[in-house]
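> This is a predicted model, with the sequence first.
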Amino acid sequence: MKDIFVTSPLLPPLEEFIPYLEKIWEKKHLTNGGYFHQQLEVELASYLGVKHVCLFANATLALLTALQALRITGEVITTPYSFVATSHTLQWNGLTPVFADIDPQTYNIDPDRIEELITSKTTAIMPVHCYGIPCDIKRIEKIADIYGLKVIYDAAHAFGVKQGGESILNYGDLSVLSFHATKVFNTFEGGAIICHNERIKQRIDYLKNFGIAGETTVVAAGINGKMNEFQAAFGLLQLQHIHTAFEKRMALDAYYRELLQGVPGITTLKIPENIDWNHAYFPVRVGQNYPVSRDEIYELLKKNGIMSRRYFYPLISNFPMYRGLPSAAETSLPHANHIAEEILCLPIYPDLDLSDLERIVNIIKYPFVSVNVQLDKAS
Ligand SMILES: *Cc1c(COP(=O)(O)O)cnc(C)c1O
């Protein structure tokens, strides 16, 4: 039986990509803000419902640049419940991550924990819209306004997510999207900063191109963060297929929920009302009254060729380069530590077969039967 991974990239039919490649060959303009780069920035802004898009080679470079663009210094309050890139980009900018615990319902940074962590060195908040579920954007905005802090959202999971009909990327000073192969919308590797005015877009565009502002003018110590024409062209093609991809994801999500309903010890993610979600992930909690532990069911699925993922375990705050920080203490992050022990992300991607989904659910429903099958095979 074929292995099933937690995600599989959205790849439109190959023949549809050929005309884009022909155009690149014809123009011989491979990078540095070429034809497709410009077009993708415009089309993405319109599709996402945002003012400006600055494309990047990946989201990590975009996060690094976002922090530079706003001249962030000192301490940044962030979540330990994320992919390591969130904190790493703070560290690479010489900033100190300060971890705040998460809300046990949404898995996002808990606004109640932010205020108590603010010091005279705090200059920004970097929340994550975990699994694409919006943070409490209104309350974060209020705290930021009161204390004069910048807000940079790691929106790597939040492509296309809306709340009350409006893109959540319009909140905060900047938001960063990832177009990595494993994300809902991909350009092989890629990312973008979403910003709200022309002036900041100009600064970001300089910073991602070595700070070059003219033939003989360099205005800042920039980096090379540019997206190339191959990536941008692929993004344009993929944009034509994203609607169908979202519809398939939504159907898979609904089927999982239907089949997993009432399975003792398994809890699915609660989707808040009034959001248009992207169904980027299918996380479940493996609780105390489930017959085996989270790690046991993870291993059992793996033995059956199903690669679920423990996103996010271990917590960022428990990795060696961060665990010495005062804010990383397990006792101050009880919810994040608890959820990291119980979380399991099940496979979800547009091409996932319903029969494979049923097989995954059956293993979760009947772990002991699945163990026996496995033992029979081994003997
Ligand atoms: C994927 C991801 C990133 C990094 O994105 P890249 O495009 O791979 O650099 C950052 N933060 C979060 C939360 C992610 O999931």
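Thanks, I have it.

> Contact partners for Trp308?
Small correction: residue 308 is Ser, not Trp. By Cβ atoms under 8 Å, 6 or more residues apart in numbering, Ser308 lies in contact with 6, 298, 301-302, 344-347, 360. Yep, even glycine has a C-beta here, placed from its N, CA and C like the rest.

> Domains in the protein, by residue range?
Each domain of the chain is listed here as a residue range: 12-237, 242-378, per automatic domain parsing.

> can you tell me if the shortest one touches the ligand.
No: contact check for domain 242-378 against the ligand, using Cβ under 6 Å from any ligand atom: none in range, with a minimum separation of 8.1 Å.

> Measure how far that domain is from the centre of its chain, please.
16 Å (Cα atoms, centre = their mean, to the nearest Å).

> What lies in contact with the longest helix along the chain?
Secondary structure of the chain per DSSP state H: the longest helix is helix 242-260. If you take Cβ under 8 Å, 6+ apart as the criterion, helix 242-260 is touched by 10, 47, 160, 184-185, 266, 268, 278-280, 282, 284, 346, 348-352, 354, 357-358, 361, 364-365.

> Would you mark the buried spots in that helix?
By 16 or more other Cβ atoms under 10 Å, the buried positions in helix 242-260 come out as 242, 245-246, 248-249, 252-253, 256, 259-260.

> Please report phi then psi for Thr96.
The phi and psi torsions at Thr96 (degrees, to the nearest 10) take the values phi -100, psi 120.

> re earlier: pipe the buried residues of helix 242-260 into CSV and attach pLDDT and distance to Pro80 per row.
Formatted as CSV, those follow (pLDDT from 0 to 100; distance: Cβ to Cβ, whole Å):
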residue, pLDDT, distance to Pro80
Ile242, 98, 31
Ala245, 97, 30
Phe246, 98, 29
Lys248, 98, 32
Arg249, 98, 27
Leu252, 98, 29
Asp253, 98, 26
Tyr256, 98, 27
Leu259, 98, 32
Leu260, 98, 27
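
> what does the stretch 101-250 of the chain put close to the ligand?
128, 154, 156-157, 178, 180, 191.

> Do a quick rundown of the helices in this structure.
Using DSSP H, helices in the chain cover 18-27, 35-48, 59-69, 85-92, 111-114, 137-147, 198-207, 229-239, 242-260, 294-303, 334-342, 354-365, 367-378.

> Give me the helices and strands touching the second one, please.
Pointing back at helix 35-48 there. In terms of contacts (3 or more Cβ pairs under 8 Å, 6 or more residues apart in numbering; DSSP states H and E), helix 35-48 is packed against helix 18-27, strand 52-56, helix 229-239.

> picking up where we left off before, least reliable of the domains of the chain by average pLDDT, please.
Mean pLDDT per stretch puts domain 242-378 lowest among those, at a mean of 94.

> Do I have it right that Gln105 meets Leu269?
No: the pair Gln105 / Leu269 is not scored as a contact, 9.2 Å apart, by Cβ atoms under 8 Å.

> Can you lay out the helices and strands packed on helix 35-48 as a markdown table showing mean neighbour count?
Shown next, in a markdown table, are the helices and strands packed on helix 35-48 (neighbours: other Cβ atoms under 10 Å):
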| stretch | mean neighbour count |
| --- | --- |
| helix 18-27 | 12 |
| strand 52-56 | 25 |
| helix 229-239 | 21 |
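
> closest one to Pro334 among these?
Among the helices and strands packed on helix 35-48, strand 52-56 comes nearest to Pro334, with 35.2 Å by Cβ to Cβ.

> Provide the strand pairings for that closest one, with the direction of each partner.
Using DSSP bridges, strand 52-56 pairs in its sheet with strand 191-195 (antiparallel).

> could you check the angle helix 35-48 makes with the strand it pairs with?
On the basis of axes from the mean of the first three to the mean of the last three Cα atoms, to 10 degrees, strand 191-195 is oriented at 60 degrees to helix 35-48.

> what's the spacing between strand 191-195 and its chain's center?
13 Å.

> ok, now stretch 49-62?
13 Å.

> can it be found next to the ligand?
Yes: contact of stretch 49-62 with the ligand (Cβ under 6 Å from any ligand atom) involves 58-60.

> coming back round to it: could you say which of the helices of the chain is packed most deeply?
Greatest average neighbour count among the helices of the chain goes to helix 59-69 (a mean of 26), per mean count of other Cβ atoms under 10 Å.

> Tabulate the CA atom coordinates of stretch 63-73 in CSV.
Extracted as CSV, the C-alpha positions of stretch 63-73 are listed here (Å, rounded to 0.1, in the frame of the first residue of the first chain):
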residue,chain,number,x,y,z
LEU,A,63,9.9,37.3,8.5
LEU,A,64,13.6,38.4,8.8
THR,A,65,13.0,41.3,6.5
ALA,A,66,9.7,42.3,8.1
LEU,A,67,11.5,42.7,11.5
GLN,A,68,14.2,44.8,9.7
ALA,A,69,11.6,46.9,7.9
LEU,A,70,10.0,48.0,11.1
ARG,A,71,13.3,48.4,12.9
ILE,A,72,12.3,46.1,15.7
THR,A,73,14.6,46.0,18.7
